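1. Show me the folded form of this:
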Amino acid sequence: MKALSSDPLKSASRLWLYCIVEWLLFLPVWIVLQKYLQSEAALLPWIYTLPLVSMTGVLLRQKCNRKWKQLLAALILGTLAGFFAGVFALKEIPLYAGAVLCAYLGITAAGRDNRLRIYVAGIAVYFAATIAFARIPLLQPSVAGLTWSGSLCLVLALLDSNASHLRYSSFSGAGSRLPAGLRRHNRLFVLLFIAVAAVLAAGAGKALGTLIWHAAQAFFGWLGRLFSGSGGTAPPQEALPPVMPEMPPAETQEPGLLLMLLNYAFYALGAAVLAVVLYYGLRWLYRNTGGLWRRFIDYLLSLLRRESIQNDTAYQDEEKSIFTWEKTVQGVRDYWKNRVASPSRRDRWEGMNGGRERTRWLYRHWLNAKRAEGYLQRNYLTPQETMADIAEWNAGRKRQRKNEADTAASAELLHFYNQARYGEAELPESEVLRLKEKLKL
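-> Down below sits the predicted model:
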């Protein structure tokens, strides 16, 4: 019993961790609401009730399997959280809305697979908050904590995007676990990269650059003295004329918030334009230099991959590189295109090519329609067993004539789906289109 009960506890713990991360991602918003809306006489700070509300929503995720149940449970949990936090004034209504939102995010945490968009939105919120909080006196004490939490969110976003790229590169599913050795090896390099970046940001880069600069100055000064042959003292320098006293500096005003935002936007635009120009310039060189740039890159890669031949080597197999820039650029482009595009835009009838893909599209959307009508899908059943289960489920419903028509269309869909999976011939698109109209999808 203990082994069986450990899996629900483990999944709940993982979802609790996701809830805390989501709370951290939008911490600037919660701080603003806390500072401006909740009264100082409240016994319990409202901002600390939000993770507890999300964790309670995680515990209710299995009982609230319908959208109306989820909304009702989120409304009740948010109201209770506001009541216990001492939120009673009319101006504190946004605090209730924030608690309801956190409760809903906790209830639906298990159904969110792509978390990269949430990380991007949270980092954008931190980017705007670090500029605004330093300019507003009431929010200035929160800048230090915001810096640490923003750095933590940036590290978590890097780890999440790295795991998503590993699943994409290894053709693993969204819910499947990566091999332990690969995951540990990759996370070690990512954490090492973060540690090096943190050390450089803390001032090690400036200190190292200053040390190299002074060493270079001393070396070239020594060379100059060596070749000049002057071993004596340097000639005395002439006295400089007295410098006129400087005028007192004028009072400077700090730039406004809008000017600072425009400066950051200008720098970001300039960096983007420079990256685009560099990309297209290298691409033009790669395609129009008669193979010179390509041969140089290949030579550089072969030089980096070269191994020293051992004396006791009896046989060395021939190695051939299969790396090409076109496939690498296309792979990165397809990865980000699939990540940025919404699932509804990726899964369209017009985007399917051929009868096989359209038949699979019909099967997926037919299953989704049955689930929307109330059918509980069992993932361990084969397609034929799923058809039989749906037919048995339809038999218990009242609309007998419609059920008979659905059974006939389902049998034809199963025949087409088996041909698409196991058959070699391409399915005629006209028959697939006729079946789509018959299923009303």
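2. From now on I want contacts and neighbour counts done on CA atoms only, so please keep to that.
-> Will do.
3. which helices and strands sit right next to the longest helix along the chain?
-> What stands out as the longest helix in the chain, according to DSSP state H, is helix 257-288. Applying 3 or more Cα pairs under 8 Å, 6 or more residues apart in numbering; DSSP states H and E, one finds that helix 257-288 makes contact with helix 116-133, helix 292-305.
4. and Asn379, which of these is closest to it?
-> helix 116-133 (26.6 Å; Cα to Cα).
5. what sits up against that closest one?
-> Contact with helix 116-133 is made by 22, 25-26, 28, 139-140, 142-143, 146-147, 150, 153-154, 157, 160-161, 257, 261, as judged by Cα atoms under 8 Å, 6 or more residues apart in numbering.
6. just the helices in the stretch 51-200 of the chain please.
-> In the stretch 51-200 of the chain, the helices defined using DSSP state H, counting those that start in this stretch lie at 67-84, 93-107, 116-133, 143-169, 180-199.
7. Just say which of those helices is most tucked in.
-> helix 93-107 (a mean of 23; mean count of other Cα atoms under 10 Å).
8. contact partners of stretch 34-42?
-> So stretch 34-42 is contacted by 45-47, 85-87, 91-92, 95, 138-139 (Cα under 8 Å, 6+ apart).
9. list the buried ones in the longest helix of the chain?
-> For helix 257-288, the neighbour count (16 or more other Cα atoms under 10 Å) marks Tyr286 as buried.
10. how far does that helix sit from the chain's center?
-> On the basis of Cα atoms, centre = their mean, to the nearest Å, helix 257-288 sits 22 Å off its chain's mean C-alpha point.
11. residues of stretch 361-379 that come out buried?
-> For stretch 361-379, by 16+ other Cα under 10 Å, it's 361-363, 366-367.
12. average model confidence for it?
-> Averaged across stretch 361-379, pLDDT comes to 84.
13. Please apply the same query to stretch 276-292.
-> 80.
14. same check, this time on stretch 134-154
-> The pLDDT scores in stretch 134-154 average 84.
15. hey, C-alpha coordinates of it in CSV?
-> Output in CSV follows, covering the C-alpha atoms of stretch 134-154 (Å, rounded to 0.1, in the frame of the first residue of the first chain):
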residue,chain,number,x,y,z
ALA,A,134,13.4,51.7,-8.6
ARG,A,135,11.5,54.9,-9.5
ILE,A,136,8.5,54.5,-7.1
PRO,A,137,9.4,55.3,-3.4
LEU,A,138,6.7,52.9,-2.0
LEU,A,139,8.1,50.0,-4.0
GLN,A,140,11.9,50.7,-3.6
PRO,A,141,12.3,48.4,-0.5
SER,A,142,11.2,45.4,-2.7
VAL,A,143,13.9,45.8,-5.3
ALA,A,144,16.5,43.6,-3.6
GLY,A,145,14.1,40.7,-3.1
LEU,A,146,12.8,41.2,-6.7
THR,A,147,16.4,40.9,-8.0
TRP,A,148,17.0,37.5,-6.3
SER,A,149,13.6,36.1,-7.3
GLY,A,150,14.0,37.3,-10.9
SER,A,151,17.4,35.6,-11.1
LEU,A,152,15.9,32.4,-9.8
CYS,A,153,13.1,32.6,-12.3
LEU,A,154,15.6,33.2,-15.1
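16. Roughly how far does Ala74 sit from Phe193?
-> 40 Å (Cα to Cα, to the nearest Å).
17. ignore the last one, Phe296
-> Applying Cα to Cα to Phe296 and Phe193 gives a distance of 28 Å.
18. swap in Arg184?
-> 14 Å.
19. can you check Pro141 too?
-> Distance, Pro141 to Phe193, by Cα to Cα: 30 Å.
20. Please parse the protein into its domains.
-> Following automatic domain parsing, one finds the domains of the chain at 2-171, 348-439.
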